[in-house]
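Asker: Predicted model and sequence below, questions to follow.
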Amino acid sequence: FISNTKMQAKTAKYWIEKLGLELLPFGIHAKEVYKSSDVIKKDGLPSRFAGDRIMGSTLFMLIQGKAKVGLHELKADELWSYYSGNTSINIHQFNKEGKYVKH
């Protein structure tokens, strides 16, 4: 556990280097830190999945300044955690009925 106070004293550059984050094409830094070795076969998944899927994974992401993660369709649940910084995260959702919700 790292306290929020200690994290705020560190720069983005520090965390990028410390965690070994890589710059992705859309301007954020990320690293996969866990990937399950278990696989769920396509025939055991809902029809929205085109093939086999791993059971789960975890990513560390660092989003700076005006960087944005583009709209994309989620076929599985995602969990976001906010640790530090003087910004906010907005999640934009269009539900199955096409209704817009901002979280």
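Answerer: Sure thing, it's come through.
Asker: For the rest of this, base every contact and every neighbour count on C-alpha atoms.
Answerer: Noted.
Asker: Which helix in the chain has the most residues?
Answerer: helix 12-19 (DSSP state H).
Asker: how about that one: buried residues?
Answerer: Neighbour-count burial for helix 12-19 flags 12, 16 (criterion: 16 or more other C-alpha atoms under 10 Å).
Asker: what's in contact with that helix?
Answerer: Contact partners of helix 12-19, identified using C-alpha atoms under 8 Å, 6 or more residues apart in numbering, comprise 21, 22, 29, 31, 62, 64.
Asker: least confident pick among the residues you listed?
Answerer: Lowest pLDDT among the contacts of helix 12-19: residue 64, with 84.
Asker: still on that earlier bit, let's have the contacts of helix 12-19 in a markdown table, adding neighbour count and distance to residue 47.
Answerer: Formatted as a markdown table, those follow (neighbours: other C-alpha atoms under 10 Å; distance: C-alpha to C-alpha, whole Å):
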| residue | neighbour count | distance to residue 47 |
| --- | --- | --- |
| 21 | 20 | 33 |
| 22 | 16 | 33 |
| 29 | 20 | 32 |
| 31 | 17 | 29 |
| 62 | 20 | 32 |
| 64 | 13 | 36 |
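Asker: Throw those into CSV and include distance to residue 38 and secondary structure, thanks.
Answerer: Converted to CSV, the contacts of helix 12-19 look like this (distance: C-alpha to C-alpha, whole Å; DSSP: H, G, I helix; E, B strand; the rest coil):
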residue, distance to residue 38, secondary structure
21, 25, coil
22, 25, strand
29, 26, strand
31, 20, strand
62, 27, strand
64, 33, coil
